[in-house]
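>>> Test case, fold it:
(2 chains)
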Amino acid sequence: MPTLRALSLRHRIVMAFAAVALLVSTVFATSTYLLARGYLLGQRERVVQHQTFADAAFVQRRLESAGADVSAVLTAAGTPAGHTIILKWRGQWYASALDQGRDAVPAGLRQQLAEGDAAAQRFRSDDGPSLVVGVPLPSVQAEFYEIAPLTELDGILRLLSGILIGGALVATAAGAALGAWASRSVVTPLNRVAVTAASIAGGELDTRLPATDDPELATIVGSFNSMVDTLQQRINRDARLAADVSHELRSPLTTLVGSVDLLNARRDELPERAQRALDLVTADLQRFRRLLDDLLELARSDAGLDRRPDATIDLAELLRQVLSEIGREPTLLSGADDALVLADKPRLSRLFRNLFENAETHGAGLTAIEISRTGNDVLVLVDDSGAGIPPHERERVFERFATGATKRGSSSGTGLGLALVAETAAVHGGSVWCTASPSGGARFVVRLPEIES
Amino acid sequence: MPMQVLVVEDDDRIRAVLRLALEDEGYQVAEAADTPSALEQVRSAMPDLVMVDLMLGEIDGYTCIREVRRMSDIPIVIVSARSDTHDIVAGLEAGADDYVTKPFQVKEITARLRALRRRLRTTAEAAEPDVILDSDPSRRLVLSTARGAVMLDGNDVPLTLTEYRLLAELAQAPGRVLSRSALLASVWEHGYYGDERIVDVHIRRLRTKIERDPGRPQLVVTMRGMGYRLDPQ
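Sure thing, here's the model as predicted:
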């Protein structure tokens, strides 16, 4: 049943409870109705039979006396109100009511009486349901029929069935309500698990499910919490590893950077070939240092150790600052000059530094930077005058160590530059993507949520 | 007389390169490989500046900073391979004035030291009228730029040089809000990307020394999202 499976757990529980309640109440109602009906009809039949036999005996006695007036006899029989007597005597039909006659008696019953048996039958006439009892009176060659209305009984049964159907519906609704309650008590803990899991995924690693007294829930709560404990330990171990690696690598790097700085300060004292070697060492040391920084930054953001962006930053000021750092004129910047964002200043400026340097090295130079607004966000458009990036490469450039035909990923020479840009944008609640600029080059767009000033 | 810098660092190669770089810049360099010998040298030689690595074998850099601070108000610069938030903040809270992370460029270190040295000189030279910070007769607090000191009821309050400079900077414009980056630029001479937590930590330490109730500061007030303001009482 694909449609049923498509329903939520909650709806399925409600429907199951309602279906069971409906089934049970239907069975009870039906059997109650049948029993009550059988009992009431049986009783009524017995009463009518008694009456009929008494009336038949009276009529027989009167007919046995000679010269009896049939009509007077029937009137004198004193039948209860509503009952009708029909008599066949000497081939003639007589009735206690004017509008009744032979046809009021069902043929099957007449047949039975002709064979000499007393009989009773329920039938439905124009006046409603009725019961007819027939008694043969062989001593006077007569057949005595008495018709009794069942309208009153029928009304009672109708009322009863109405009550039972109503009861069944109420029971079904109650079942559905019970199902809703039961499903809520099942789904509520599940929701709590989902909410907790979401907040853990959102970086709040200290979140745990509250303890519970329910033995079944306690198992889930216990294993969920211990799973998160294990994860947290693992993340902490990874983070410690990152910090340890950082320390171990940074110490020798410090000596190297310091020594090379010293050599560069005394560069003039070196022979020419040694100067060239020193330039090579200097350049690659720089690259090595950036690679280490990028890697650590990524490792830290993977481990969720980042400082949350919490400083209010004037975006235009930050962009001008970055421009002057890379030696480009701040006049490249245009657009909104009053946009504020929530940021971790060093990291956000590093994001833009990476993008600008990427445009300088791989995009044949930065041509324009524009700040614009869309809804609650601000967009920073970074255009270059290069050959652009083909559409199928536009997502791949943000992957780590992406080495496509464009080699865009290695903006800082590390293969991590644009990956770090994407990570940093995400940490700031924004995103980054790549399109074509109107002038033909590549356009990188950074979206950041704007804050009210 | 050349300035004397004490380099406390357990890695001898880093110590050696720092000595070379600092001597090139005209500093006189003393070295210590662990906390006990560093403290011994501070006691006997009284350097003008101390550079401390946070990872220092048995007795770590935080302890070293705290102990040096107990003896003297000389500027202390942390040199750390760890750039994690809590390491830096813990070091600053132990009493350090500034920090650089490894691997640093020699230029960076010498710029920081030059800034600290300039601060030493300016505090001695800039002489302006005294500023009354708290006029309550029972705890009269006065900033005397001529003496380079803050006095509470006539006694000097033991401020470090950085704390003093920070207070003097705020006292130049009482009632006006100074942003963290402005304070960072004027007191520490850090660039645009300086770490503003340095300011917060120093403000916190300053408050414990001069506020009536450091838990509810009234003299140095935080303006949320803007910076700090000095409100003379």
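
>>> Give me the helix or strand of chain B that scores worst on average pLDDT.
helix B:106-125 (a mean of 72; mean pLDDT, DSSP states H and E).

>>> What residues of stretch A:280-295 count as buried?
Within stretch A:280-295, the residues that count as buried by 16 or more other CB atoms under 10 Å in any protein chain shown are A:282, A:285, A:288-289, A:292-295. Bear in mind the C-beta positions are built from the backbone N, C-alpha and C, glycine included.

>>> any idea of the pLDDT on residue A:278?
Residue A:278 carries a pLDDT value of 93.

>>> correct me, but it touches residue A:266?
No - with contact defined as CB atoms under 8 Å, residue A:278 does not count as touching residue A:266 (9.9 Å).

>>> All the strands of the chain, residue numbers only.
All of this is about chain A. Listed in chain order, the strands of chain A (DSSP state E) span A:84-89, A:92-95, A:119-125, A:128-137, A:142-149, A:311-314, A:333-335, A:340-343, A:366-374, A:377-384, A:431-436, A:442-449.

>>> wrong one, I was asking about chain B
B:4-8, B:28-32, B:49-53, B:76-80, B:98-101, B:131-134, B:141-144, B:149-152, B:155-156, B:177-178, B:220-223, B:227-230.

>>> The fifth one packs against which elements?
If you count contacts as 3 or more CB pairs under 8 Å, 6 or more residues apart in numbering or on different chains; DSSP states H and E, strand B:98-101 packs onto strand B:76-80, helix B:85-94, helix B:106-125.

>>> List the neighbouring strands of it plus their orientation.
strand B:76-80 (parallel) (DSSP bridges).

>>> what pLDDT, on average, does the partner strand get?
Averaging pLDDT residue by residue across strand B:76-80 gives 87.

>>> next one: stretch A:16-24
Here stretch A:16-24 scores 92 as its mean pLDDT.

>>> Same check on stretch A:341-354?
On average, stretch A:341-354 scores 85.

>>> Distance from that stretch to the middle of the chain?
39 Å (CA atoms, centre = their mean, to the nearest Å).

>>> can you tell me which residues contact residue A:335?
Residue A:335 makes contact with A:370-372 under the criterion CB atoms under 8 Å, 6 or more residues apart in numbering or on different chains.

>>> So which of these wins on neighbours?
residue A:371 (20 neighbours; other CB atoms under 10 Å in any protein chain shown).

>>> Just to check, it is in contact with residue A:378?
Yes - look at residue A:371 against residue A:378 with CB under 8 Å: they come within range, at 6.1 Å.

>>> Now the common contact residues for the two.
Joint contacts of residue A:371 and residue A:378 (CB under 8 Å, 6+ apart) are A:315, A:336, A:339.

>>> ok, those vs chain B, which is closest?
Each of the shared contacts of residue A:371 and residue A:378 was scored against chain B by CB to the nearest CB, and residue A:315 proved nearest at 13.6 Å.

>>> distance of the closest one from residue A:418?
20 Å (CB to CB, to the nearest Å).

>>> Mind checking which of these two has more residues around it?
Counted by other CB under 10 Å, residue A:315 and residue A:418 do not tie: residue A:418 has more neighbours, with 27 against 24.

>>> I'd like the distance between the more buried one and residue A:357.
In terms of CB to CB, residue A:418 sits 11 Å off from residue A:357.

>>> How many residues are close by the nearest residue to residue A:400 once chain neighbours are set aside?
For residue A:400, ignoring the flanking residues on the chain, the nearest one in space by CB to CB, 6 or more residues apart in numbering or on different chains is residue A:419 at 4.3 Å. Each residue near residue A:419 was counted by other CB under 10 Å, and the total is 20.

>>> pretty sure residue A:419 contacts residue A:397?
No - contact criterion CB under 8 Å: residue A:419 and residue A:397 do not qualify, at 9.0 Å.

>>> and the helices and strands packed on strand B:98-101, which is most packed in?
Here the criterion is mean neighbour count by mean count of other CB atoms under 10 Å in any protein chain shown, and of these the winner is strand B:76-80, at a mean of 24.

>>> Now do that strand: distance to the chain's middle.
For strand B:76-80, the distance to the chain centre is 11 Å (CA atoms, centre = their mean).

>>> tell me the domain boundaries of chain B?
B:4-122, B:127-230 (automatic domain parsing).

>>> just so I know, which of those domains lies nearest residue A:163?
Residue A:163 lies closest to domain B:127-230 among the domains of chain B, at 69.8 Å (CB to CB).

>>> mind checking how far that closest one is from the chain centre?
Worked out by CA atoms, centre = their mean, domain B:127-230 lies 13 Å from the chain centre.

>>> And stretch A:25-38, by the same measure?
39 Å.

>>> Pull out the buried positions in it.
For stretch A:25-38, using 16+ other CB under 10 Å, the buried residues are A:25, A:29, A:33.

>>> now do stretch B:160-173
Buried-residue list, stretch B:160-173, by 16+ other CB under 10 Å: B:160-171.

>>> Closest one of those to residue A:330?
Among those, and counting by CB to CB, the member closest to residue A:330 is residue B:169, at 27.7 Å.

>>> Would you mind measuring from that closest one to residue A:281?
Residue B:169 is 42 Å from residue A:281, by CB to CB.

>>> what's the answer for residue A:196, then?
52 Å.

>>> low-scoring stretches of chain B, by residue?
When residues are selected by pLDDT under 70, those of chain B lie in B:1, B:82-85, B:119-128, B:192-193.

>>> Contact partners for residue B:139?
B:152-153, B:212.

>>> Export the residues you listed as a markdown table, with columns for neighbour count and distance to residue A:329.
Compiled in a markdown table, those are given as follows (neighbours: other CB atoms under 10 Å in any protein chain shown; distance: CB to CB, whole Å):
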| residue | neighbour count | distance to residue A:329 |
| --- | --- | --- |
| B:152 | 15 | 52 |
| B:153 | 11 | 56 |
| B:212 | 14 | 51 |
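
>>> Measure how buried residue 49 is and give me the count.
No chain was given, so I picked chain A. Residue A:49, neighbours per other CB under 10 Å, totals 17.

>>> Switch to chain B, please.
Neighbours of residue B:49 (other CB under 10 Å): 21.

>>> what's across from it in the sheet?
Going by DSSP bridges, residue B:49 forms beta bridges with residue B:5.

>>> Now do the same contact list for residue B:158.
Applying CB under 8 Å, 6+ apart, the residues near residue B:158 are B:73, B:209.

>>> how much space between it and residue B:131?
19 Å.

>>> Find me whatever residue is spatially closest to residue 144, sequence neighbours aside.
Chain wasn't specified; assuming chain A. Excluding the flanking residues, the one nearest residue A:144 by CB to CB, 6+ apart is residue A:56, at 4.3 Å.

>>> The intended chain is chain B.
Nearest one to residue B:144, counting by CB to CB, 6+ apart, is residue B:130 at 4.8 Å.

>>> Isn't the one you found up against residue B:148?
No - taking contacts as CB under 8 Å, residue B:130 lies outside contact range of residue B:148: 11.8 Å.

>>> wait, residue A:436 sits on residue A:445?
No - contact criterion CB under 8 Å: residue A:436 and residue A:445 do not qualify, at 11.1 Å.

>>> give me the number of residues near residue 96?
Here I'm looking at chain A. 19.

>>> let's do chain B instead
Neighbour tally, residue B:96, other CB under 10 Å: 31.

>>> Grab the nearest non-local neighbour of the residue sitting nearest the centre point of chain B.
Most central in chain B under CA atoms, centre = their mean is residue B:97, positioned 2.7 Å from the mean C-alpha point. Leaving aside its sequence neighbours, residue B:97 sits nearest to residue B:162 (CB to CB, 6+ apart; 4.3 Å).
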